[in-house]
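**Student:** Fold the following for me, if possible:
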Amino acid sequence: MADATFHKSGWIRAGIPRTGGWRIATIVLAVVLGLFGIALLLGGIWLIALGGSWYYALAGAGLCITAWLLARQRRAALPFYVIVWLLTVVWAFWEVGTDWWAQVPRLVAPTVVLVLILLVLPALGRARNR
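**Tutor:** Numbering: from 1, shown residues only. Here you go, the predicted structure:
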């Protein structure tokens, strides 16, 4: 903890507390994303076995990895999830085209997850210089 200092509220790294509310919010988000990710992954594997789309298994794996990165408080969670989100947008347009009402169930939840990750971004650790 070379760049950390101690404050009465706990250890502070780069001026941002990594304990308390931010840490709890990040862990809760990680757990929720992990549970949804496992459900999507397992359901997606079943769908693949039935000859269906690979999207759900891949998106589920992406959510599980994002959850793991969030639980470890890694900033890499954001760029990784942005890739998952962008691939979801591509899949949604490939599947239903520009039918905006059909896009709503495909894009609202992933976009809300993106916003939630952006909200907990202050709790995530900085990348270390090597």
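**Student:** So which elements touch the lengthiest helix in the chain?
**Tutor:** When the chain is parsed with DSSP state H, its longest helix is helix 21-49. Using 3 or more Cβ pairs under 8 Å, 6 or more residues apart in numbering; DSSP states H and E as the contact test, the elements touching helix 21-49 are helix 55-71, helix 100-120. Placement of C-beta: from N, CA and C, glycine included.
**Student:** now, of those helices, which is deepest in the fold?
**Tutor:** helix 55-71 (a mean of 21; mean count of other Cβ atoms under 10 Å).
**Student:** quick one, that helix and helix 21-49 angle?
**Tutor:** Using axes from the mean of the first three to the mean of the last three Cα atoms, to 10 degrees, one finds that helix 55-71 and helix 21-49 are set 160 degrees apart in direction.
**Student:** can you list contacts of helix 55-71?
**Tutor:** For helix 55-71, the external contacting residues (Cβ atoms under 8 Å, 6 or more residues apart in numbering) are 26-27, 29-31, 33-34, 36-45, 47-48, 76-77, 80-81, 83-84, 87-88, 91, 113, 117, 120, 124.
**Student:** one step back: okay, the helices and strands packed on helix 21-49 in a markdown table with mean pLDDT and distance to residue 22 next?
**Tutor:** Putting these into a markdown table (pLDDT from 0 to 100; distance: least, Cβ to Cβ, whole Å) gives the following:
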| stretch | mean pLDDT | distance to residue 22 |
| --- | --- | --- |
| helix 55-71 | 97 | 12 |
| helix 100-120 | 95 | 7 |
